[in-house]
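>>> fold the following, please.
(4 chains)
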Number of protein chains: 2
Amino acid sequence: MDQVFKALGDANRRLLLDRLHQRNGQTLGELCQGLAMTRQAVTKHLALLEAALLVTSVRRGREKLHYLNPMPIHEIYERWIGKYERDHVGALGRLKTRVEERQDD
Amino acid sequence: MDQVFKALGDANRRLLLDRLHQRNGQTLGELCQGLAMTRQAVTKHLALLEAALLVTSVRRGREKLHYLNPMPIHEIYERWIGKYERDHVGALGRLKTRVEERQDD
DNA sequence: TTGACATGCAACTATTTAGTTGCCTATTAT
DNA sequence: ATAATAGGCAACTAAATAGTTGCATGTCAA
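Okay, here's the model as predicted:
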């Protein structure tokens, strides 16, 4: 779980996920195109994404195809985001109340 | 948005959010209790959480009360998690297909 | 089979981030 | 008043992370 959050904590990696979300199964070379980074930097980002199980890959001949795996993101939603979302309205209400109290200071 | 992801990328900060989720409005001192960190380290984490708008705070006399703000997490869900979740089943299906193909190698 | 292409590996540098220590300020209670 | 409490600020250290360069390996196509 921690690896997933860490992986999502970098804008370049989120960009890579977005690209795979747009079109799944891209090669390393394709994912590099238009980025202000060397291929090796992208390789490292992809390695982290794979370690977090956010991306899986398959070698096809001399190229490596990358696939988005949405499962960990689903788990983050279930185990973490969800529990904050559930009382979202309630917490907003409390915040609102507090802000209103402040204005009485 | 980037600040929110960065803020969530650290386990200690997520712990602080969890604590506030358990009981809102805690002071810095309370949040420090039982953590293997100095007060100043916690202060810095809270500063990042505040910069990401995940936490708001109010000074009450000599103490500072911290409140969870679930809005950014809601936005992450809406703008980012949601779009992966939406085609979760479809993507899982594709992944499954691909894995099955692999086993034919 | 040779050259071009796609990727991998390892060592290194630079930057960012986490955490500490020491001291200062403001507030509360006696 | 003054001592204790709650927190803030700044400089520093240490560690983690991002990114680079150079070279090696495996694969495809002519």
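>>> near DNA strand D at all, the helix or strand encompassing A:G29?
Here A:G29, judged by DSSP states H and E, is contained in helix A:28-32. No. For a cut-off given as C-beta under 7 Å from any atom of the strand, helix A:28-32 has no contacts with DNA strand D; the smallest distance is 9.9 Å. Placement of C-beta: from N, CA and C, glycine included.
>>> how about the residues of chain A near DNA strand D?
Contact residues (C-beta under 7 Å from any atom of the strand) of chain A with DNA strand D: A:6, A:9-10, A:12-13, A:36-38, A:40-41, A:44-45, A:48, A:60-62.
>>> need the max-distance pair from those.
When C-beta to C-beta is used, the two most widely separated members of those are A:G9 and A:G61, lying 33.4 Å apart.
>>> more neighbours, these two?
Neighbours were counted for A:G9 and for A:G61 using other C-beta atoms under 10 Å in any protein chain shown; A:G9 has more, 17 against 5.
>>> any idea how far the more buried one lies from B:S57?
Computed as C-beta to C-beta, to the nearest Å, the A:G9 to B:S57 distance reads 23 Å.
>>> do the same with A:R39
44 Å.
>>> A:T43 now?
Note on A:T43: its distance to B:S57, by C-beta to C-beta, is 41 Å.
>>> could you do A:K6 as well?
Between A:K6 and B:S57 the computed distance is 26 Å (C-beta to C-beta).
>>> and A:E75, by the same measure?
According to C-beta to C-beta, A:E75 stands 30 Å off from B:S57.
>>> also A:F5?
Per C-beta to C-beta, A:F5 is found 23 Å from B:S57.
>>> before we move on, what about A:L68?
Distance, A:L68 to B:S57, by C-beta to C-beta: 37 Å.
>>> more neighbours, the two?
Higher neighbour count among A:L68 and B:S57: A:L68, with 26 against 16, using other C-beta under 10 Å.
>>> so the more buried one touches A:H21, yeah?
Yes. In terms of C-beta atoms under 8 Å, A:L68 counts as a neighbour of A:H21; the distance is 5.7 Å.
>>> any common contacting residues for those two?
Common neighbours of A:L68 and A:H21, counting by C-beta atoms under 8 Å, 6 or more residues apart in numbering or on different chains, are B:Y84.
>>> point me to the residue of chain A nearest DNA strand D.
Residue of chain A nearest DNA strand D, by C-beta to the nearest atom of the strand: A:G61 (2.1 Å).
>>> against A:L31, how distant is that residue?
17 Å.
>>> okay, now A:L48: neighbour count?
A:L48: 16 neighbours (other C-beta under 10 Å).
>>> can you tell me, leaving aside adjacent residues, what's nearest to it?
Nearest non-adjacent residue to A:L48, counting by C-beta to C-beta, 6 or more residues apart in numbering or on different chains: A:A7, 5.2 Å away.
>>> per-residue pLDDT of the one you found, please?
Per-residue confidence at A:A7 stands at 96 (pLDDT).
>>> just say helix, strand or coil for it.
Three-state assignment for A:A7 (DSSP: H, G, I helix; E, B strand; the rest coil): helix.
>>> just give me the neighbour total for it.
Neighbour count of A:A7, defined by other C-beta under 10 Å: 24.
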